[in-house]
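*Asks:* Below is the structure, and that's it, no one-letter string:
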């Protein structure tokens, strides 16, 4: 496309409100990038620049861009049944088949599936279901939710209340007092001189203290991401999730696993909760990689035990979305899962993901790289002004953005988050692409360091 095409796009874009953006900063036309096409692991902007999609769309394009199998499945579904709801007594083949497939893949007795159109709505749905569940059991006070500082569970009103307060500064969130945020498992900043085992004990004590203060009879659930994503790719101590699962089970508190990012291969398995972290939650939420972003779809997968209570005689499920289980979205999910299984993408990620992880960890030898953390194709790089003290850069220096811009100029899209850079690429990366990412990042960090320390 020519320059006029870019001008036209950006003129029209003045009417668009971007998510999680500095809207004032976007009034500058050169602050915006128009992506016009994508194939495989690459995207192309309106100026013809091809770039590695280092953020996988937004944690979601797991099988890569432009997969004909998914596109054809969506197209054929629309030709057969463009839309019908899963309200009341209606169903359709695509939603029914996808629900059955997810029940087959999910751990334990997670056999019942509710579809919505985003991870935020999926997490809202989990809480609404548990509140209704406790009402059915005659426990109307058992409604509070334990979350964590650093968590990200969505941006709808209730999901934002469960998200770390840093994401809602200046904004209201729902149900003041409903959510209690536990201590963050951010070892780099929070563990101090503690060993990993000692830090785990401190986090467990924090949960136990919260349960004692609030009262288990008032707490419906604990919600947790296996690895905290938008909070900075925070990895909890070894054994954390299994330990928290035992504590919650001992106190009759349900465990909601937010696998919106981690499911469908990003960490090398279809679901991370049991296969990696050795625990089976009561509810598992997923979205993003469920369709690889080709259609908006989320799935809230609940246990048979919860379902049995909310489906007793006389109980009405008074929750629903117009687009729940949309035929085209369900068809995309089925085709996406078929690719993941047929091409053994999760199994491949156990190898290539470790190559990617190790390549990025090698950047820790650089002067402003404080910590590289994460797992497989879910990585974060934290930048510091002083590696010994872990001091961050002053507020007027947005080092993450500076490095992201430098990387984009060199052909890589990465996501800045303050002093952190996030990488969550497509899962089809080969070792040559991984080498290119490492090289671009090293060049970009060097270039920004030179401007900060001339």
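*Replies:* In hand now; what should we look at? None of the values given here were measured: they were computed from a predicted structure.

*Asks:* residues of the least confident helix or strand in the chain by mean pLDDT that come out buried?
*Replies:* Taking mean pLDDT, DSSP states H and E as the measure, the chain has helix 157-162 as its least confident helix or strand, at a mean of 81. For helix 157-162, the buried set under the neighbour-count rule, 16 or more other CB atoms under 10 Å, comprises 158, 159, 160, 161, 162. Using the backbone N, CA and C atoms, a C-beta is placed for each residue, glycine as well.

*Asks:* swap in stretch 296-307?
*Replies:* 296, 297, 298, 299, 300, 301, 302, 303, 306, 307.

*Asks:* In helices only, show me those.
*Replies:* 306, 307 (DSSP state H).

*Asks:* Check the secondary structure at residue 396 for me.
*Replies:* coil (DSSP: H, G, I helix; E, B strand; the rest coil).

*Asks:* Roughly how far does it sit from residue 386?
*Replies:* 17 Å (CB to CB, to the nearest Å).

*Asks:* who has more neighbours, the two?
*Replies:* Neighbour totals were compared for residue 396 and residue 386, and residue 386 leads with 12 against 5 (other CB atoms under 10 Å).

*Asks:* For the more buried one, which residues are in contact?
*Replies:* Going by CB atoms under 8 Å, 6 or more residues apart in numbering, residue 386 touches no other residue.

*Asks:* That one bridge partners, please.
*Replies:* In this entry, residue 386 is beta-bridged to residue 391, by DSSP bridges.

*Asks:* Show the pLDDT at it.
*Replies:* Looking at residue 386, its pLDDT reads 97.

*Asks:* rewinding a little: arrange the buried residues of stretch 296-307 in TSV, one row each, with pLDDT and distance to residue 237 as further columns.
*Replies:* Below are those laid out as TSV (pLDDT from 0 to 100; distance: CB to CB, whole Å):
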residue	pLDDT	distance to residue 237
296	98	34
297	98	33
298	98	29
299	98	29
300	98	28
301	98	26
302	98	28
303	98	26
306	98	29
307	97	33
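
*Asks:* Select from the buried residues of stretch 296-307 every entry located in strands.
*Replies:* For the buried residues of stretch 296-307, the ones inside strands are 298, 299, 300, 301, 302, 303, with DSSP state E as the criterion.

*Asks:* nearest to residue 112, of those residues?
*Replies:* Distance to residue 112 across these (CB to CB) is lowest for residue 302, with 5.0 Å.

*Asks:* any weak-confidence spans in the stretch 201-350 of the chain?
*Replies:* Counting by pLDDT under 70, the stretch 201-350 of the chain shows no low-confidence range.

*Asks:* Identify the residues contacting residue 218.
*Replies:* For residue 218, the contact set (CB under 8 Å, 6+ apart) comprises 141, 142, 143, 144.
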